[in-house]
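K.L.:
Okay, sequence plus prediction incoming.
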Amino acid sequence: MKLAKSSKLKQGFEHQLPAYLKAQQLKHGYYVVVLYFNKELERVEKVFEEIQSKQGALQGQVIIVDATRKKPSASNL
């Protein structure tokens, strides 16, 4: 799991996740990215597009958690 603003976002997916998968003898993993600001989404998308174009296919599934503010309350919908 990484914050979207992390300078090691790409490194974590390319190096950390594969190391964890290998250590646990797993074939697939999840990489969770937490967004606190809408402007971070564009950067995150760019990072993973770059990785995908380099690797061909992503080695794990990316899950983006939207932790941005100003969402309507579920009780008010």
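P.N.:
Happy to help now that I have it. These figures come from a predicted structure and were not determined experimentally.
K.L.:
contacts and neighbour counts: CA atoms only from here.
P.N.:
Fine.
K.L.:
Check which helices and strands the longest helix anywhere in the chain sits against.
P.N.:
The residue-count maximum for a helix in the chain (DSSP state H) belongs to helix 39-55. If you count contacts as 3 or more Cα pairs under 8 Å, 6 or more residues apart in numbering; DSSP states H and E, helix 39-55 packs onto helix 9-11.
K.L.:
In terms of secondary structure, what does the helix it packs on contact?
P.N.:
helix 39-55.
K.L.:
So for the longest helix of the chain, what gets flagged as buried?
P.N.:
L41, V44, F48, I51 (16 or more other Cα atoms under 10 Å).
K.L.:
Switch these over to CSV; also include pLDDT and distance to N76.
P.N.:
Compiled in CSV, the buried residues of helix 39-55 are given as follows (pLDDT from 0 to 100; distance: Cα to Cα, whole Å):
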residue, pLDDT, distance to N76
L41, 93, 26
V44, 94, 30
F48, 90, 35
I51, 87, 40
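K.L.:
which stretches of the protein have low pLDDT?
P.N.:
57-58, 77 (pLDDT under 70).
K.L.:
please redo it, this time with the cut-off set to 90
P.N.:
27-28, 51-61, 69-77 (pLDDT under 90).
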